[in-house]
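Asks: For reference, the sequence and a predicted model appear below.
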Amino acid sequence: MTIKISSSVEADYLLVTASGNVSNLDDMTELTMQIYQEIVSSTKQKVLVDQREYVPPDTLVWQADLVKYYSKDFPIELRQLKIAIVTAIENRSTADFFETYAVNRGYNVKVFYSMDEAQEYIQE
């Protein structure tokens, strides 16, 4: 896994930036754990994850498994966070599937393809 994570506290939300490539589901769950650690340390209830420079695997099964991982390994309070994810338009098919799958399981997640739209949403 070649992923870089950084975060900063903005006015009323946490901005987490991820860049790089993952090659398998274990890498995806490791990235998720790193993002979760940033969220826990911030105490913000709104999170914007900038993944425009992140290249996810193009497999719907792994997206579903990732959401199942959330339900199994993270506290239920994670479902109370408002999360906006910005990704590259090339990731649309897997990102749209991820959003639908996560929302259907009780997560407050919305995927965007524009940073401006995501910021507007997260600040509502």
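Replies: Thanks, I have the structure now. Numbering: from 1, shown residues only.
Asks: Show me what the longest helix along the chain is packed against.
Replies: As assigned by DSSP state H, the longest helix anywhere in the chain is helix 25-42. Helix 25-42 makes packing contacts with strand 2-9, strand 14-21, strand 46-55, helix 60-73 when contacts are defined by 3 or more Cβ pairs under 8 Å, 6 or more residues apart in numbering; DSSP states H and E. The C-beta positions use only the backbone N, C-alpha and C, and glycine is treated the same way.
Asks: Go again with 10 Å.
Replies: Contacts defined by 3 or more Cβ pairs under 10 Å, 6 or more residues apart in numbering; DSSP states H and E place helix 25-42 against strand 2-9, strand 14-21, strand 46-55, helix 60-73, strand 82-87.
Asks: how far is the last one from where the chain is centred?
Replies: Its chain's C-alpha centre and that of strand 82-87 lie 6 Å apart, by Cα atoms, centre = their mean, to the nearest Å.
Asks: got it, and the longest one?
Replies: Counting by Cα atoms, centre = their mean, helix 60-73 is centred 12 Å from the centre of its parent chain.
Asks: which residues sit against it?
Replies: 22, 24-25, 27-29, 31-33, 36, 56-57, 59, 78-79, 93-107, 109 (Cβ atoms under 10 Å, 6 or more residues apart in numbering).
Asks: Flag the helix or strand of this structure with the lowest per-element mean pLDDT.
Replies: Within the chain, judged by mean pLDDT, DSSP states H and E, the helix or strand with the poorest mean is helix 60-73; its value is a mean of 83.
Asks: thinking again about what came up before, can you point out the buried residues in the longest helix of the chain?
Replies: The neighbour-count criterion (16 or more other Cβ atoms under 10 Å) identifies 25, 27-29, 31-32, 34-36, 38-39, 42 as the buried residues of helix 25-42.
Asks: Mind giving me the packing neighbours of the helix or strand V111 falls within?
Replies: Secondary structure assigned from DSSP states H and E places V111 in strand 109-112. The criterion is 3+ Cβ pairs under 10 Å, 6+ apart, and the helices and strands that strand 109-112 contacts are strand 46-55, strand 82-87, helix 92-104, helix 115-122.
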